[in-house]
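Participant: could you look at this predicted model? Sequence included:
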Amino acid sequence: MTHCHDVLGIGFGPANLALAIALEEEGHDLDVRFLEARPGPSWQSAMMLPGSDIQNHPVRDLVSLRNPRSRYTFINYLFENGLLLDHLNVPMEFPLRKEYAQYVAWVAGHFSRLVDYGVHVTGVTVDRDTDGRALYTVTTSAGETVRARALVIGTGRTPFVPEPFDAVDSPRVFHLTRYLPALRALEEQGGTGAGDWSPRSVTVVGGSQSAVELTLDLARRYPRARVNLLVRSLSLRQKDTSPFSEEGYFPDFTGYYYRASRERKNAMDSYMRLTNYSSADGDVLRELYRLIYEQRLDGDPKVSVSTSRQVRGIEVREDGVHLGVEELNTGEREEHRADFVVLATGFRDLGPAAHQERVPAMMRGIAADFRFDGHGYLSVDPDYEVQPVSADTPALFLNGLCESSHGIGDAGSFSLLSLRAKTISEALRKRLP
């Protein structure tokens, strides 16, 4: 008979890692297992750009807001690895992204006994055991079956690939989540080995922090190439870092947002957007502007930003990627050619709109077992449990996927990670006596 776990977590990124810590430290005696598609612990491995930093205070880590005395804090990671004094002396406001990735991997190493890496989930169903109790049956690409009394989905959001790019299947057009591996693949296909391939022209699409970082990285990586950033808005925007706006990442705001109507949620989303989306930190904006200005002085403007632009058509030919671009304010049409295109176009949130997804990918086979509200959004309780149609449906929680119901604090950042983990761990304890 197949063993049945109390809790099965799909994904073992920061969200479910924080949950594993909370379950251990809060003393919940549950049989827990996690399945992770990646071959080992990692965080944003495709975006480990030289010099790039994180965008949140380092104490907002996997555990500190819930338990600042934990051994899994970022500060203790630095201490145990002999890095604390050196780190405190680095003249940076926020830690390097690669340093935070090493912290996440270090913590994940303490929980390797709970995780099966390199496992791709291919299906989730609701079944019954010999006693008639409903439970989850999860199948994997290896043909294995895992059963559990409760499911926690913490896979992260699906990359958003807008039209017309969504109809293209080419290694020359890729989302930022594949950035470094995609570049390595293109270099290898160049025929002379990594480092020798030299593109003539590159296009980045998007107006986010990542879009600016990628533009700067490409300019450094391929100094002879022309790098053009296509932005749909009137200009690149600076992130809203007002401490008053940042209170949107407080737990009190999460509860406030949850209780609001959908219409008021939409209004708050519009206001809070610049704290996390379609905007960039001042340091990278200044660096990019300075680079463009200096190149203009040198008479060799290789890096450019084209605003109010929308890609309307795309064709991948032998000589590169050809883009049909509209200038949104004048209606003029332009033709752009690039050796490859990087999409810094964000991620899908849950919802009924075209840029959203109705349910997370892992729920598609069981979506009919759960409720949706009158606006077409998945109904999620304050403790992140999805509301079932039938009372005997086993518990299912979403960890890090609930921005549409819980607000900007659930937007994939570390800001409320540890507090959300506490909420879910306590709910699991109550649901699984």
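Facilitator: Right, received. Where do you want to start? Numbering: from 1, shown residues only.

Participant: wait, residue 18 touches residue 415, no?
Facilitator: No. Between residue 18 and residue 415 there is no contact under Cβ atoms under 8 Å: 11.7 Å. Where you see a C-beta, it was placed from the backbone N, CA and C, and this is true even at glycine.

Participant: for those two, indicate the residue with more neighbours.
Facilitator: residue 18 (30 against 24; other Cβ atoms under 10 Å).

Participant: now do the residue nearest to that one when sequence neighbours are not counted, the pLDDT please.
Facilitator: Once flanking residues are discounted, residue 18 sits nearest to residue 421: 3.9 Å by Cβ to Cβ, 6 or more residues apart in numbering. Residue 421 is assigned a predicted lDDT (pLDDT) of 97.

Participant: what about residue 396, neighbour count?
Facilitator: For residue 396, using other Cβ under 10 Å, the count is 24.

Participant: give me phi/psi at it?
Facilitator: phi -130, psi 130 (degrees, to the nearest 10).

Participant: right, and it touches residue 383 too?
Facilitator: No. Residue 396 lies out of contact with residue 383 (Cβ under 8 Å); the separation is 11.8 Å.

Participant: what's the helix or strand for residue 61?
Facilitator: Residue 61 is part of no helix or strand when elements are defined by DSSP states H and E.

Participant: what distance do you get for the closest residue to it other than its chain neighbours to residue 271?
Facilitator: In space, and not counting its chain neighbours, residue 61 is closest to residue 74: 4.2 Å by Cβ to Cβ, 6+ apart. Going from residue 74 to residue 271 by Cβ to Cβ, to the nearest Å gives 30 Å.

Participant: name the residue in the two with the higher neighbour count.
Facilitator: Legend: neighbour count by other Cβ under 10 Å for residue 74 and residue 271, higher for residue 74 (24 against 12).

Participant: which residues are in contact with the more buried one?
Facilitator: 58, 59, 61, 62, 64, 95, 100, 103 (Cβ atoms under 8 Å, 6 or more residues apart in numbering).

Participant: quick one: whichever helix or strand the residue nearest to residue 18 is part of to chain centroid distance?
Facilitator: In this assignment (DSSP H and E), residue 421 forms part of helix 417-431. A distance of 21 Å separates the centroid of the chain from that of helix 417-431, by Cα atoms, centre = their mean, to the nearest Å.

Participant: residues in contact with it: which ones?
Facilitator: 6-7, 14-15, 18-19, 21-23, 26, 28, 30, 60-67, 150, 152, 251, 382-385, 395, 397, 399-400, 410.

Participant: give me the buried subset of those residues.
Facilitator: 6-7, 14-15, 18-19, 21-23, 28, 60-67, 150, 152, 251, 383-385, 395, 397, 399-400, 410 (16 or more other Cβ atoms under 10 Å).

Participant: relative to helix 417-431, how tilted is whatever helix or strand residue 7 lives in?
Facilitator: Using DSSP H and E, residue 7 sits within strand 4-10. Relative orientation of strand 4-10 versus helix 417-431 (axes from the mean of the first three to the mean of the last three Cα atoms, to 10 degrees): 160 degrees.

Participant: looking at strand 4-10 now, give me its mean pLDDT.
Facilitator: 97.

Participant: please parse this structure into its domains.
Facilitator: 4-158+348-431, 165-238+277-343 (automatic domain parsing).

Participant: hey, which of those is tucked in deepest?
Facilitator: domain 4-158+348-431 (a mean of 18; mean count of other Cβ atoms under 10 Å).

Participant: how far does it sit from its chain's centre?
Facilitator: Per Cα atoms, centre = their mean, the centroid offset for domain 4-158+348-431 relative to its chain is 12 Å.

Participant: nearest to residue 48 among the contacts of residue 74?
Facilitator: Taking Cβ to Cβ as the measure, residue 48 sits nearest to residue 100 out of the contacts of residue 74, at 10.2 Å.

Participant: could you give the mean pLDDT of the host helix or strand of that closest one?
Facilitator: Using DSSP H and E, residue 100 sits within helix 97-109. Helix 97-109 comes out with an average pLDDT of 97.

Participant: on contacts alone, who are the packing partners of that helix?
Facilitator: Packing partners of helix 97-109 (3 or more Cβ pairs under 8 Å, 6 or more residues apart in numbering; DSSP states H and E): helix 14-25, helix 74-80.

Participant: to residue 234, which of those helices lies closest?
Facilitator: Of all those, helix 14-25 comes closest under Cβ to Cβ, at 34.0 Å.
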